[in-house]
Structure formats: structure tokens, C-alpha cells
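**Q** Got a sequence here, can you build the structure:
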Amino acid sequence: MAKILLLLSLLLSVESIFIKEYEDDSKYLQALLDEKSVVEFPLNKTFKIKGTLYLKDGHKLIGNHIIIIQTQAGKPIFDCVGKKNISISGFNLKGLGNDYTPTSSSLSVGIYCFGAENVIIKENNFYNFSYSPVSGLRKVKNILFENNYCEGIGLNDSRYYQKDVTGITLGGDGIRIINNKITNSSQGIMIAEGSKNIVIKENQIYNLPLEHGIYVDASCSDIIIENNKITNVKGSGIKIQNRSKKIPGISKNILVKNNTISDTGIGDGILVNNSEGNEVYAEDVLITGNILKNIGQDGINIRFSKSAKVLENKIFNAKRSGIYLKENYDLTVYKNTVQDIQQNGIFDEGSGSNINIDSNVITNIGLEGNDKNGLSSGIFIQGGSNREIVNNYIKGDPKYTQYSLYIPYGDQKTITIKNNRFIGAREFGARFSDNKVKFKEFTGNQFGSKLSGSKTFNQP
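**A** Here you go, the predicted structure:
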């Protein structure tokens, strides 16, 4: 008899273990949610669900550090689509992790909030979601995402280019993303096209194996990106995208301030770009006070803009140019520090007009040693019209820097070069067009007296 009882006890234990491994707490948790608007979950418990928990207007969820693990592919843990006045805090949410699909409409997320309004998501931990911890790709309004930790899946499916894996994906009006830690996703923060009134502040974004730290898609406006720390990302630290007029509106009123960006593998430090030609220009862009180190391409790359300013940034060790300019109108580049650059300190493609390059300190440039097409010059302006190069200090490396200033083409009668100091170039302090057309103004410039760069070539 004792043997029979022991055998029954062992069978029951095995059955209990089997059931526990595959348990589904969805009904229990949904019952808690349905019971009242303010839901305080039991302290430090672990639950598994197979499916989705649905919220209602006015829900306030207090997680008390519980763990909720998703066991079904392609399902969000919480769904608050179209709901209002939601608060979610104190949870540890874990995704399945092996259910990636190459689409931005994936539901492999922690919190699905498409079209939600007045939402607070704070002090949660998110792990292992194949798309994003939080996804509200369109029509969200007044959402705060604050003090969360987001750890992605990395690159875990070699069949796909997993660019859709993000730390957070939101689109709409009134988005605040503040003081979060985001790591091991393909992109850190993704803002969908057409969004407005966006604040991205004081986030730490690091170890991203595929794309960008912060990516703001086309036609977004009234953007503040401030005091973020971004390091070890494969793409660009911050990318502001623009594209054709097919999307209503333009990217405008953009502030990128006091961010620290380092170790971008193959991307720029800060990139403002229209990738589909010059139909649309970003307007009223201010990039100021940022520190950029160990940049895989250009420190700051600004293209297709109107009324933009690049002020008082510090750029150290870029593999291409310190500051790269293309198709800008009414642009000011002022008081930037550019140092230890493989190619040009400032590279201006020569398109656009009314560009002022003033009071920048550019040292130790052209370190790649590539003289081809002027790529080892301090300031290289390929051509164009209506430029002012004033009050700059350019000190090259006599071994590597070919010219401090190089302007091979352009409408020289509209270009002012005034009160600059050019020293340290290997060949000439400045080199100009063979046509020897007079500049609008060429006065007060100083050249190093004991260096080969103490003269100009083709000076009018």
C-alpha cells in the first residue's frame, strides 16, 4: 500500500510540474483588470500568459514588480488601442523573443497603444520583445514614456535584416520619452512620420547592433532631442529623416542640443537628410552643444535644410568629415570645435546658398592622408555662391593636411574670406580656382610664416 501511495504522489508531482510549465494566467489577470480601474497586482509574483490582456479607459495599473511572460507568438501583453487615460508602472514584461517578422505592424510587443490618448508608461522593465517594448505607430496623443529599461533581442534571426526591432516606436502628437535606458535593439527610439510635439530627453541608448540611436522619420515637427547619451551604435547616433512631398508637411522646428554621442560604427553622429532629392527641405534646425566622439562617418551631416544653425558643438575623431554640408540655404556654422578628423574639418559640396562659416576651431585634419579631390583640406568648399568664411582658426597637420582652405570652383565674387588664421598645411594655406576671379572680400587673413602653408595658390 505504501508503495502505491508513493507512486501516486510521484505521478501527481510530475503532473503538477507539467501543468505549471505550461500554465496560462491570462484569465486570472484579465479578471483583475475587469474588476476595477485601479489595479494593484500582488507583490513580486510571476505570471505566464498565452495571448493579450485588454485595458479600458481610465485604467491605472500598479505592477509591484511582478513578471509577466508572453508565451504566444505575435501577441502584445497589454492592449490599450484607442483607449484614454492609461497608467502602467512597476512591471517586468518579457516577450517570446523568437517571433520576429519583418514588418512595422508586428504585434510582438509589450504594450500596444495605437491611437491611445493620455498614457503614462513609467518605471517598467522590458525584455526580449521581437518588435518593440511599446508600439503606437500612429495617432497616439499625449504619451509619457519615462524611467523604463528596455533590452532587446539583438540580432537573433539571420534570415532577416531586423531593422524593425526598437526600444520604443511611437507616432502622433505630444510624445515625451524621458530618462530611459535602451540597449540591444536594432534601433533605440523610433518616431513615426508626421509626428509633432516630441521631447526626447536624458535617455541612455547603447549597444545597438544594426541601426540608429534615435530615428525621427519624415515630416515631423516641433522636436526637442536633448541631453541624451548614445554610444556604440552601428548606424547614426541621431537621424532626422525627410523625404518627398507625398507625406504631408515638412520636418521643421528641430532642436538637437547637448547630446553626447560616441562610437557610431558606420554612421554619422547627427544626420539631417532628405534621401529622395531636393523636393523637401527641413526648416529651422538648431544643432548645438553636442559632443561627438569616434564617429564612423561625419560628425554632423546636414543636407537639404533652410534656416539651420550648427553652433558650438565639439567633434572629435570622425572617419570622414567633421561637418558635412549639402544643399543648405541660410545656414550658419558657428563656434564649433573640430579635431582629429580623417578627411575635411568642414566639407561643403557647393550646393545651396547663404552659408556662413564663422569662428570655428579646426585642428589636426586630413589624417587619412588622402589628397584626392581635396579630402585632406581643413575647409573644403567645392563650389557654390554666397559663402562667408570668417574668423576661423584652422591648424593642420604638416604631414597630412594638404590645404587649410580649398575652393576649386565657385562664384568667388560672392564669397567673403575674412579674418581667418590658416596654419599647418603641407602645401598651401589656401588654394583657389585657376580663374583667379576676385573675391567679394579677402582681408585680414593670417598664414603661418614658417610653414609651407604660409602662401596661397591662385590668389586673385
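**Q** With only the CA atoms kept, save stretch 281-301 in PDB.
**A** What follows is stretch 281-301 as a C-alpha-only set of coordinates in PDB (Å, rounded to 0.1, in the frame of the first residue of the first chain):
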ATOM      1  CA  TYR A 281      13.800  70.900 -47.000                       C
ATOM      2  CA  ALA A 282      14.000  70.600 -43.200                       C
ATOM      3  CA  GLU A 283      13.400  74.100 -41.800                       C
ATOM      4  CA  ASP A 284      14.500  75.900 -38.600                       C
ATOM      5  CA  VAL A 285      17.000  73.300 -37.400                       C
ATOM      6  CA  LEU A 286      19.300  74.000 -34.500                       C
ATOM      7  CA  ILE A 287      22.100  71.600 -33.600                       C
ATOM      8  CA  THR A 288      24.000  73.000 -30.600                       C
ATOM      9  CA  GLY A 289      26.200  72.000 -27.700                       C
ATOM     10  CA  ASN A 290      26.600  68.300 -28.700                       C
ATOM     11  CA  ILE A 291      29.700  66.300 -28.000                       C
ATOM     12  CA  LEU A 292      30.600  63.700 -30.700                       C
ATOM     13  CA  LYS A 293      33.400  61.200 -30.400                       C
ATOM     14  CA  ASN A 294      34.700  58.300 -32.500                       C
ATOM     15  CA  ILE A 295      32.200  58.800 -35.300                       C
ATOM     16  CA  GLY A 296      32.100  56.300 -38.200                       C
ATOM     17  CA  GLN A 297      31.300  58.800 -40.900                       C
ATOM     18  CA  ASP A 298      30.700  62.600 -40.500                       C
ATOM     19  CA  GLY A 299      30.400  64.200 -37.100                       C
ATOM     20  CA  ILE A 300      27.400  66.400 -38.200                       C
ATOM     21  CA  ASN A 301      25.900  65.800 -41.600                       C
END
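**Q** list the buried ones in that stretch?
**A** For stretch 281-301, burial by neighbour count (16 or more other Cβ atoms under 10 Å) applies to 281-288, 290-301. Glycine gets a C-beta too; all of them are placed from N, C-alpha and C.
**Q** repeat for stretch 189-204
**A** The neighbour-count check on stretch 189-204 (16+ other Cβ under 10 Å) flags 189-204 as buried.
**Q** ok, now stretch 72-86?
**A** Buried residues in stretch 72-86, defined by neighbour count with 16+ other Cβ under 10 Å: 72, 75-80, 83-86.
**Q** Now, the buried residues of stretch 189-204 that are in strands?
**A** Judged by DSSP state E, the subset of these located in strands is 189-191, 196-201, 204.
**Q** Spell out which residues make up each domain of the chain.
**A** Each structural domain of the chain that the record assigns through automatic domain parsing is listed here as a residue range: 44-101+111-159+168-189, 342-460.
**Q** before we move on, back to that, any chance of the ones in strands among the buried residues of stretch 189-204 in TSV, with pLDDT and distance to L375 too?
**A** Supplementary listing: those in TSV, determined by pLDDT from 0 to 100; distance: Cβ to Cβ, whole Å:
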residue	pLDDT	distance to L375
I189	98	33
M190	97	33
I191	97	34
K196	96	39
N197	98	41
I198	98	36
V199	98	38
I200	98	34
K201	98	36
Q204	98	35
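**Q** and those residues as a markdown table, adding distance to S377?
**A** Output for those, formatted as a markdown table (distance: Cβ to Cβ, whole Å):
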| residue | distance to S377 |
| --- | --- |
| I189 | 36 |
| M190 | 37 |
| I191 | 36 |
| K196 | 40 |
| N197 | 41 |
| I198 | 37 |
| V199 | 39 |
| I200 | 35 |
| K201 | 37 |
| Q204 | 36 |
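**Q** Could you work out the most separated pair of the residues you listed?
**A** When those are compared pair by pair using Cβ to Cβ, the two farthest from each other are K196 and Q204, 25.1 Å apart.
**Q** low pLDDT regions in the stretch 151-300 of the chain?
**A** Low-confidence segments of the stretch 151-300 of the chain, defined by pLDDT under 70, span residues 244-248, 275-279.
**Q** ok, back up a step: so which of the ones in strands among the buried residues of stretch 189-204 comes closest to K56?
**A** Checking those against K56 by Cβ to Cβ gives N197 as the nearest, at 26.2 Å.
**Q** isn't the closest one right up against G174?
**A** Yes - using Cβ atoms under 8 Å as the test, N197 is close enough to G174 to be in contact (4.9 Å).
**Q** Report how many residues lie close to N273.
**A** Counted with other Cβ atoms under 10 Å, the neighbours of N273 add up to 20.
**Q** Determine which two of the buried residues of stretch 189-204 are furthest apart.
**A** The largest distance within the buried residues of stretch 189-204, taken as Cβ to Cβ, falls between G194 and Q204 and amounts to 27.3 Å.
**Q** Would you list the strands that the longest strand belonging to the chain pairs with, along with their directions?
**A** Counting residues, the longest strand in the chain under DSSP E turns out to be strand 132-146. Paired neighbours of strand 132-146 in the sheet (DSSP bridges): strand 109-112 (parallel), strand 117-122 (parallel), strand 166-178 (parallel).
**Q** what comes into contact with the first one?
**A** Applying Cβ atoms under 8 Å, 6 or more residues apart in numbering, the set of residues contacting strand 109-112 from outside is 52, 76-81, 88, 93, 95, 121, 124, 126, 129, 131-136.
**Q** Spit out the contact partners of G237.
**A** For G237, counting by Cβ under 8 Å, 6+ apart, the contacting residues are 212-214, 230, 259, 261, 264, 267-270, 292, 295.
**Q** Could you turn the buried ones of the residues you listed into a ChimeraX selection?
**A** A single ChimeraX command is used to select the members of the contacts of G237 judged buried by 16+ other Cβ under 10 Å:
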select :212,213,214,230,259,261,264,267,268,269,270,292,295
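**Q** Could you single out the nearest of the contacts of G237 to L144?
**A** Closest approach between the contacts of G237 and L144, by Cβ to Cβ: I214, at 17.1 Å.
**Q** Thank you kindly, that will do.
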